[in-house]
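Asks: Okay, here's the prediction I keep looking at, along with the sequence it came from:
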Amino acid sequence: MKVAFFVGAFPGLSETFILDQITGLLDRGHEVDVYGWPSEDAQSHDDVTEYGLMKRTYTAPALPRSYVKRAVKGMGVLGRLLVEKPGVIRTLNVLRYSRLAASLRLLYASTPHVLRQQEEYDIAHCHFGQNGILALALRELDFLRAKQVLTTFHGHDVYVDVPRYSSWLRRFLFEKGDGFTVNSEYTARNVLELGGKEGEIQTLPVGLDIESFSYQARSRENGASLRVLTVGRLVEKKGIQYAIRALARLSPSLSFEYRIVGGGPRRDELGALVQNLGLEDKVSFLGALPKEEVREQYQWAHIFTLPSVTAADGDREGQGLVLQEAQACGLPVVATRHNGFPEGVQEGKSAILVPERNIDALADALKSLSVQENRWEKMGRCGRAFVESRYDIEGLNERLVDIYRELLSYEDESTEVSQ
């Protein structure tokens with residue numbers, strides 16, 4: 001099959017699950033092209049080079065944040081594209097595409113499709129709902145030729161991004177889209193509330209390459225500090241401030257090191273919190289890292305924590321892939337009872353779940369694990385077995401290919417009926 005992936009910034013250090021799907025399809029002999037936006041990350045993962053993905057990637061021009069700059073740059077983009085395809089003026093049809101046209105996002109996104117010799121795809125696989133809307137609009141304008149458009153929802157797109165679009169564009173997504181997948185049953189329920197239809201939504205968790213996450217039984221030498229790890233972007237919904245505060249409460253009686261892997265807009269705020277609590281020698285911000293280095297941090301840690309919360313703007317987690325990565329490495333997990341998290345761990349066996357924003361409960365869970373090292377290995381083995389049975393990327397990629405084939409089979413049947 002020939003597949004077009006519609007993604008956000010590419011290649012980036014986050015969203016490794018998209019990279020794993022792309023490389024999994026290439027390993028299976030399928031052709032893949034990637035359409036996205038320029039990434040600001042200076043680094044990328046080794047797989048990008050190993051698979052020659054930049055030769056398969058077609059990015060739109062960078063979209064300036066300032067609307068004035070965007071409009072000025074957009075005049076040049078429009079002028080260039082009009083020479084190739086006069087119909088590109090339709091990307092500015094605000095009556096039809098509302099915010100997608102008014103923001104000039106549709107115009108910018110059409111660039112690689114207009115400038116390339118037009119390709120025909122079996123599947124356009126869109127990660128995140130807003131990219132599904134974008135691809136469907138490009139298909140309607142005949143800039144994208146794809147037999148079927150599959151949209152995958154993850155979390156932020158369900159709770160923040162897609163709800164910001166007009167009710168017409170949301171209907172457009174679910175009426176024109178050919179298939180939909182979600183990463184958890186919790187996300188599925190919320191997609192139904194957005195307008196999705198029962199029976200058209202399939203749950204396909206985000207997977208990981210189990211073999212690349214080495215299991216390690218956890219233990220601590222007498223007198224050694226407890227090593228605690230969080231992997232996640234520095235944004236409100238990750239709840240990292242609650243982990244810092246919980247550990248601060250334990251600080252007088254517990255020797256610990258806390259490492260935080262990830263970059264994001266709350267770096268300065270969290271750094272100031274660490275300083276105010278006098279934890280500068282115990283808390284380290286490592287920034288965004290390639291996945292190979294993230295795996296090294298999993299091996300370093302004794303306990304993994306992800307105390308995610310519902311953010312003020314409604315943003316929430318979907319699956320929380322790092323929970324599965326941590327369990328695959330044999331780490332006991334402390335997290336919140338948040339959205340799809342209970343589906344992704346075995347509460348009471350591989351993980352302890354506490355209420356959101358409850359610093360006392362979080363501190364108690366971390367303290368109990370710190371003094372019950374005899375539980376670590378059993379929790380780790382349970383977590384590893386759980387992830388192996390449900391989140392192995394090989395099995396999930398096979399299922400993804402089956403979903404593609406089902407969509408194409410349905411398209412063939414529809415064609416026969418129309419004839």
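Replies: Yep, that arrived. Numbering: from 1, shown residues only.
Asks: those strands in the stretch 301-419 of the chain, which residues are they?
Replies: Here the stretch 301-419 of the chain has its strands, by DSSP state E, counting those that start in this stretch, at 303-306, 333-336, 351-354.
Asks: how distant is the last one from the center of its chain?
Replies: The chain centroid and the centroid of strand 351-354 are separated by 22 Å under CA atoms, centre = their mean, to the nearest Å.
Asks: and if you look at stretch 50-63?
Replies: 18 Å.
Asks: Which residues outside it are in contact with it?
Replies: 10-11, 19, 22-23, 26, 32-38, 47-48, 70, 73, 77, 104-105, 108-112, 116 (CB atoms under 8 Å, 6 or more residues apart in numbering). Every residue, glycine included, has its C-beta placed from N, CA and C.
Asks: 7 Å - rerun?
Replies: 10-11, 22-23, 26, 32-38, 48, 70, 77, 105, 108-109, 111-112, 116 (CB atoms under 7 Å, 6 or more residues apart in numbering).
Asks: Now render the strands of the stretch 301-419 of the chain as CSV, adding distance to residue 189.
Replies: Below are the strands of the stretch 301-419 of the chain laid out as CSV (distance: least, CB to CB, whole Å):
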stretch, distance to residue 189
strand 303-306, 21
strand 333-336, 18
strand 351-354, 19
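Asks: I'd like to know which of these is closest to residue 312.
Replies: strand 333-336 (16.2 Å; CB to CB).
Asks: Narrow the contacts of stretch 50-63 to just the buried residues.
Replies: Buried subset of these (neighbour count, 16 or more other CB atoms under 10 Å): 10-11, 22-23, 26, 32-37, 48, 70, 77, 105, 108-109, 111-112.
Asks: Show me those residues that map onto strands.
Replies: Within those, residues falling in strands by DSSP state E are 10, 32, 33, 34, 35, 36, 37.
Asks: which one among those gets closest to residue 391?
Replies: Looking across these and measuring by CB to CB, the closest to residue 391 is residue 32, at 21.8 Å.
Asks: Now do the contacts for the closest one.
Replies: Counting by CB under 7 Å, 6+ apart, residue 32 has contacts 3, 5, 22, 25, 26, 56.
Asks: Check residue 208 too.
Replies: Contacts of residue 208 (CB under 7 Å, 6+ apart): 20, 321, 324, 325, 328, 391, 393.
Asks: All the helices of the stretch 151-300 of the chain, residue numbers only.
Replies: 156, 162-164, 167-176, 185-194, 240-250, 267-276, 291-300 (DSSP state H, counting those that start in this stretch).
Asks: Next, format these as TSV and append mean pLDDT and distance to residue 65.
Replies: As requested, the helices of the stretch 151-300 of the chain are exported to TSV (pLDDT from 0 to 100; distance: least, CB to CB, whole Å):
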stretch	mean pLDDT	distance to residue 65
helix 156	88	18
helix 162-164	91	16
helix 167-176	94	22
helix 185-194	93	26
helix 240-250	97	25
helix 267-276	97	19
helix 291-300	95	28
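Asks: Any regions of the protein where pLDDT drops low?
Replies: Confidence mapping of the chain against pLDDT under 70 gives the ranges 13-14, 42-43, 117, 410-419.
Asks: residue nearest the centroid of it?
Replies: Centroid-nearest residue in the chain, with CA atoms, centre = their mean: residue 15, separated by 4.5 Å.
Asks: where's the closest residue to residue 166 other than its chain neighbours relative to residue 44, distance?
Replies: Residue nearest to residue 166 in three dimensions, not counting chain neighbours: residue 98, with 4.6 Å by CB to CB, 6 or more residues apart in numbering. Between residue 98 and residue 44 the distance is 34 Å, computed by CB to CB, to the nearest Å.
Asks: Great, nothing more from me.
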